[in-house]
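Asker: This is a predicted model, with the sequence first.
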Amino acid sequence: MEQNKNIDWALGAFSALKSGMAKAIVGHEELIEALSLALVSGQHVLLEGVPGVAKTLAVRTLGRLMSLEFSRIQFTPDLLPSDLVGTQIYNPQTGQFSVHTGPVFANLVLADEINRAPAKVQSALLESMEEKQVTLGGATHALPKPFMVLATQNPIEQEGTYPLPEAQLDRFMFKILVGYPSRDEELAVLRLKKEADPEIYPVLTGEDIAALRELAATVHVDPKIEEYIVDLVRTTRNPGAIDPELAETVRWGAGPRAVVFFLRAARARALMQGRSFVLPADVQAVAPWILRHRILLSYEALADGMTPDQAVARIVAGVPAP
């Protein structure tokens, strides 16, 4: 009975979050679901799309829906690592250095157009994303809890962009492709902008998010589901075992971190669906988001117009579900 009450409460929290996002965002159901799952999983998200498709708006709206500290970092070619994490400033009156923390010291950090900055600045986020801490002047400073980085980037074909290194890509649980809205959705955007900006109030506190994460951790995962997750990830490294055509298509597969992300995301999705157990459908639903930036295709496959999502779809179709 207590578990049912907790699940009902979680459903209400997800519904409030979705309703709040819908006040400012038209369509983009996949984006809203992914952001909600990442929030409950306590992981980071990378959003990719051309300018003007509501990537930044979605993240800013999510920040306004939570009673947490929110900061935005606009990545530019002249940005320095100290602009992110902070620096030490010398005080001549006291003869001592004082630490001035940067915008990364927030619960929800929007890294806007992350691939507009060079690699040394992108790498400055690595420690904060993985270790939840920052080193300044030889001292380690813990970041606030919860801590989540939501980064946006333009497609690498755009001018003035720097591809993210693989080590940083691997730290994002999800990579979400944000496309153009449909005709009806674009009409709805036009009509929404004719009205006053919607009133958006916080619907979740830090305690609520912590409770959701604890509840998601109790969602049951059958050993067969665990084996299914491992088989999916391992098949990305040897796809020829299920599809000979993929043997020369995928140059690099997903690492062990993907297994952990699958488990957390599947549990969060089961909770969002009102269940206390994970189904294969939960794993399959998040597979493209988790794997698309962890699979490296061969030059020949790219020349033939193949996409990582197509490779992921064939892998998911080829691995038997329990």
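Answerer: It's in.
Asker: Residue 68 contacts residue 107, correct?
Answerer: Yes. Between residue 68 and residue 107 there is a contact at 3.8 Å, judged by Cβ atoms under 8 Å. C-beta here means a position set from N, CA and C on the backbone, and glycine is covered the same way.
Asker: Now the common contact residues for those two.
Answerer: Here residue 68 and residue 107 have 146, 206 as joint contacts, going by Cβ atoms under 8 Å, 6 or more residues apart in numbering.
Asker: measure the residue positioned nearest the centre of the chain to residue 85 for me?
Answerer: In the chain, the C-alpha nearest the mean C-alpha coordinate belongs to residue 45, at 1.4 Å (Cα atoms, centre = their mean). Shown here: residue 45 relative to residue 85, a distance of 20 Å by Cβ to Cβ, to the nearest Å.
Asker: Over to residue 20?
Answerer: For residue 20 relative to residue 85 (Cβ to Cβ), the value is 30 Å.
Asker: now swap in residue 167 and tell me
Answerer: 17 Å.
Asker: Let's test this: mean pLDDT of the longest helix anywhere in the chain, rounded?
Answerer: For the chain, the helix that runs over the most residues, judged by DSSP state H, is helix 2-22. Taken as a whole, helix 2-22 has a mean pLDDT of 86.
Asker: which outside residues touch it?
Answerer: 32, 35-36, 39, 58, 61-62, 64-65, 200-201, 203-204, 208, 212, 215, 218, 271-272, 274-276.
Asker: Packing partners of the helix or strand just after that helix?
Answerer: Once the chain leaves helix 2-22, the next helix or strand it forms, by DSSP states H and E, is helix 29-41. Judged by 3 or more Cβ pairs under 8 Å, 6 or more residues apart in numbering; DSSP states H and E, the packing partners of helix 29-41 are helix 2-22, strand 44-48, helix 55-64, strand 148-153, strand 172-177, helix 206-217, helix 257-272.
Asker: which among the contacts of helix 2-22 end up buried?
Answerer: The neighbour count (16 or more other Cβ atoms under 10 Å) marks 32, 35-36, 39, 58, 61-62, 64-65, 200, 203-204, 208, 212, 215, 271-272 as buried among the contacts of helix 2-22.
Asker: The residue in the chain sticking out farthest from the centre and residue 100, how far apart?
Answerer: Most distant from the centre of the chain: residue 93, at 44.4 Å, with distances by Cα atoms, centre = their mean. Residue 93 is 16 Å from residue 100, where distance means Cβ to Cβ.
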